[in-house]
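**Student:** Sequence and computational prediction follow.
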Amino acid sequence: MASIRRSLPSLISFITLTCGVTSAALSIEGRLAPAGALILLGYLLDAVDGEVARRLNHTSEFGIQLDSLVDVVHFGGATAILLTQHLRAENLGGWPAWVLALIFMIAGAYRLARFNLTAGQHGKHSTTGLTISTAGAYLTLAVLADLAFQDELFPDVFFYPLALAISALMVSRIPFPELQALLRYRWAGAATMVAGALAALWLTPQFVWWGLTTTYIAVGVLRAGARRIR
């Protein structure tokens, strides 16, 4: 039983990796909605993975390296393929989409490598640069929201500046609050979830989730800007 408990975080990571590879295969087949859903499932599993490791007090160097490898495949590779396939469907594919995906992948890999080297130097409840998991989920939500509105939610070229901006935020030195730290404010978190659920009844869950993540990213950027001005 003890060995199973110790292996649980790694097992969750392997499940996340399976979701990422399956998502990439579905995107190549043109089945973007289920591909995006698997990326979001991996996003939730990634959050559970870290929390389980902390609760079991079983964080290890192996787990850190495994988590990084899974992240670059799931949130880097699978998201990049989903994005390029969506752009291709919008007749915006070709080499510009390939370059965009490459920039996103490089930024994500750089962010992960920097995090692994400076894991003990971050703030207590913040992380330097936007995480690749949040970046991947954010672009995925944008694609799924656009699909939910029959590709009429965003302008066709919207995903190019969006992906470039998200890539820049990953390699930036901006401190973003950890999502686990935000969940410590239980009343605020509960109120946000209730408001999001009500908004999802009127709009779509994909768009509401994307909007909440946009707010999270904007708050991090504005807070960093205010601190620099002071």
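**Tutor:** Arrived safely.
**Student:** Can you show me the helices along this structure?
**Tutor:** 2-28, 32-55, 61-71, 79-89, 95-117, 132-148, 159-171, 179-182, 186-202, 205-229 (DSSP state H).
**Student:** Just give me the lowest mean pLDDT stretch among these.
**Tutor:** Mean pLDDT per stretch puts helix 186-202 lowest among the helices of the chain, at a mean of 55.
**Student:** Turn the helices of the chain into TSV, including mean neighbour count.
**Tutor:** Just so you know, the C-beta spots here come from the backbone N, C-alpha and C atoms, and that holds for glycine as well. Conversion of the helices of the chain to TSV gives the following (neighbours: other CB atoms under 10 Å):
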stretch	mean neighbour count
helix 2-28	18
helix 32-55	19
helix 61-71	17
helix 79-89	23
helix 95-117	17
helix 132-148	24
helix 159-171	18
helix 179-182	14
helix 186-202	11
helix 205-229	15
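**Student:** contacting residues for the closest residue to residue 220 other than its chain neighbours?
**Tutor:** Closest residue to residue 220 apart from its sequence neighbours, by CB to CB, 6 or more residues apart in numbering: residue 176 at 4.1 Å. Contacts of residue 176 were listed using CB atoms under 8 Å, 6 or more residues apart in numbering, and they are 126, 127, 128, 129, 130, 131, 134, 216, 217, 220.
**Student:** got CSV for these, with distance to residue 39 too?
**Tutor:** Written out in CSV, the entries for those read as follows (distance: CB to CB, whole Å):
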residue, distance to residue 39
126, 24
127, 20
128, 23
129, 20
130, 16
131, 14
134, 12
216, 18
217, 17
220, 21
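**Student:** Taking the residues you listed, tell me the two that lie furthest apart.
**Tutor:** When CB to CB is used, the two most widely separated members of those are 128 and 216, lying 15.7 Å apart.
**Student:** what's the closest residue in space to residue 87 that isn't next to it in sequence in contact with, if anything?
**Tutor:** If the residues on either side of it in the chain are set aside, residue 87 comes closest to residue 97, at 4.4 Å by CB to CB, 6+ apart. Counting by CB under 8 Å, 6+ apart, residue 97 makes contact with 83, 84, 87, 88.
**Student:** Pull the contacting residues for residue 87.
**Tutor:** Contacts here follow CB under 8 Å, 6+ apart; on that basis residue 87 touches 93, 97, 100, 159.
**Student:** dump the residue contacts of the nearest residue to residue 214 once chain neighbours are set aside.
**Tutor:** Beyond its immediate neighbours in the sequence, the residue positioned closest to residue 214 (CB to CB, 6+ apart) is residue 138, lying 7.7 Å away. Taking CB under 8 Å, 6+ apart as the criterion, residue 138 is in contact with 166, 210, 213, 214, 217.
**Student:** just residue 147 next, same as before
**Tutor:** Per CB under 8 Å, 6+ apart, neighbours of residue 147: 32, 33, 36, 86, 206.
**Student:** Correct me if wrong: the second one contacts residue 145.
**Tutor:** What it means is residue 33. No - with contacts defined as CB atoms under 8 Å, residue 33 does not count as touching residue 145, sitting 11.2 Å away.
**Student:** Burial check on residue 77, number of neighbours?
**Tutor:** By the criterion of other CB atoms under 10 Å, residue 77 has 20 neighbours.
**Student:** Cool, thanks, talk later.
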